[in-house]
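> Requesting a structural model of the entry that follows:
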Amino acid sequence: MLKTVLLAISILVVLSIANAWSVDVNEDNDFIKIQTAGYEAWWRKPSIRSGYIQIFVAGSQESITGMADRTFFHSSQYAGGWKHWGPLLDWEIIEEVPGKTVIRYESADAGTKEYICIASYYDSVPYIKHEVTITNTGADPVTSFQNGHEPMFEPNRDFEGMQSFDQPFPHVAYWVEEGYFAALYGPDAQQARTTNWQDRNPGRMDLMHDNLGEELKKGESATVTYYVAFGEGDEKEATELAEDVTKEPPLGGAISSVDTVATTWGWVRNTKQVGQHQ
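Next up is the predicted model:
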């Protein structure tokens, strides 16, 4: 009898831990909503450009991005002009284990580039791994990454600051007065940039991967890997996090550098706050 009771308790503990460290994904007509212990990110679906459009950090009711046509997306200049990845064509969850969910997003631009973004979300860290594959679907060769914003992020709201950094590799972040930041990390990027946009200087941040550009014939592909983060803090926390983003985090717990990252956000899910946005 005692063994049965202990076994039942053990099962409940395991289930409780799995539930506490989970990535939840929900869909409505307009958004795919990814919820972790630290943030809730909305990926826009039927629009000119898909991508993150609303970000709620640490249970805040205020998004660190404004609702606008241009927010997060890839863009490159070829065949006579700038072309951005377009609306979401398809998506699916391709991996789901306790503490980690991987989503495949598919879109295409107005030219001949198809974009497949494989995004890995973790419940124990504030960063997201993005593996973006560009495939040439046209008859003429194109350069995979050229003159590009691969990717770009435009906050579309007032923010306290935006800064690019060179070490330990190119990365860039902006932060808001509520005490939250968004960042892009490019371990293989040529440059992280901030530029004038929407009457703000700076008002846009991006990663340039022109150094990885290669000619793609019809049906050929090239892939770039970078990281996105949504966390609590400002430029200090954002740049300290760069030391960890390339590490595959342990599932079901925080990364070892939690102390040095200044506890980027609360490590235990607050179900009364996160996930209440409509």
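> how about the helices in the stretch 1-150 of the chain?
2-20 (DSSP state H, counting those that start in this stretch).
> so where is it shaky, pLDDT-wise?
Along the stretch 1-150 of the chain, the model assigns pLDDT under 70 to residues 1-21.
> Which parts of it are strands?
Assigned by DSSP state E, counting those that start in this stretch, the strands in the stretch 1-150 of the chain fall at 24-27, 31-35, 39-44, 51-57, 72-78, 81-84, 90-97, 100-108, 113-122, 127-136, 142-143, 149-153.
> elements contacting the third one?
On a contact count with 3 or more CB pairs under 8 Å, 6 or more residues apart in numbering; DSSP states H and E, strand 39-44 meets strand 31-35, strand 51-57, strand 221-232. Where C-beta positions appear, they are placed from N, C-alpha and C, glycine not excepted.
> what about the ones you listed, which gets the closest to Pro98?
Nearest to Pro98, of all these, is strand 31-35, at 14.6 Å by CB to CB.
> sorry, back to before: so for Leu251, which of the strands of the stretch 1-150 of the chain sits nearest?
Closest approach to Leu251 among those (CB to CB): strand 100-108, 5.6 Å.
> OK, contacts around the residue positioned nearest the centre of the chain?
In the chain, the centroid-proximal residue (CA atoms, centre = their mean) is Val228; its distance is 3.8 Å. By CB atoms under 8 Å, 6 or more residues apart in numbering, the residues touching Val228 are Tyr52, Phe72, Tyr127, Ile128, His130, Ala182, Ala183, Leu184, Tyr185.
> among the helices and strands packed on strand 39-44, which is the most enclosed?
Stretch with highest mean neighbour count among those: strand 51-57 (a mean of 23; mean count of other CB atoms under 10 Å).
> Output the contacting helices and strands for that one.
strand 39-44, strand 72-78, strand 221-232.
> May I see these organised as TSV, with distance to Ala173 added?
Putting those into TSV (distance: least, CB to CB, whole Å) gives the following:
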stretch	distance to Ala173
strand 39-44	14
strand 72-78	14
strand 221-232	8
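> out of those strands, which comes closest to Val23?
The nearest among these, by CB to CB, is strand 39-44 at 10.5 Å.
> Mind checking the strands of the stretch 1-150 of the chain for the one nearest to Phe169?
strand 127-136 (13.6 Å).
> Parallel or antiparallel, which strands does that closest one pair with?
Using DSSP bridges, strand 127-136 pairs in its sheet with strand 113-122 (antiparallel), strand 221-232 (antiparallel).
> quick one, the shortest one and strand 51-57 angle?
It stands for strand 113-122. 20 degrees (axes from the mean of the first three to the mean of the last three CA atoms, to 10 degrees).
> Keeping just the C-alphas, turn strand 113-122 into PDB.
Taking Å, rounded to 0.1, in the frame of the first residue of the first chain, the C-alpha atoms of strand 113-122 are listed here in PDB:
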ATOM      1  CA  LYS A 113      12.500  33.500 -52.200                       C
ATOM      2  CA  GLU A 114      10.700  31.000 -50.000                       C
ATOM      3  CA  TYR A 115      11.300  31.300 -46.300                       C
ATOM      4  CA  ILE A 116      11.100  28.400 -43.800                       C
ATOM      5  CA  CYS A 117      11.700  29.600 -40.200                       C
ATOM      6  CA  ILE A 118      12.200  26.800 -37.600                       C
ATOM      7  CA  ALA A 119      11.800  28.500 -34.200                       C
ATOM      8  CA  SER A 120      12.700  26.600 -31.000                       C
ATOM      9  CA  TYR A 121      11.000  27.900 -27.800                       C
ATOM     10  CA  TYR A 122      12.100  27.000 -24.300                       C
END
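> Show residues contacting it.
Strand 113-122 is contacted from outside by 23, 34, 36, 74, 76, 83, 85, 94-95, 99-109, 128-137, 142, 249, 251, using CB under 8 Å, 6+ apart.
> again, only this time at 7 Å
23, 34, 36, 74, 85, 99-108, 128-137, 142, 249 (CB atoms under 7 Å, 6 or more residues apart in numbering).
> From those residues, keep the buried residues only.
Applying 16 or more other CB atoms under 10 Å to these, the neighbour count classes 23, 34, 36, 74, 85, 99-103, 105, 107-108, 128-130, 132, 134-136, 142, 249 as buried.
> ok so, going back, Glu27: which of the helices and strands packed on strand 51-57 is closest?
Using CB to CB, the nearest of the helices and strands packed on strand 51-57 to Glu27 is strand 39-44, at 9.5 Å.
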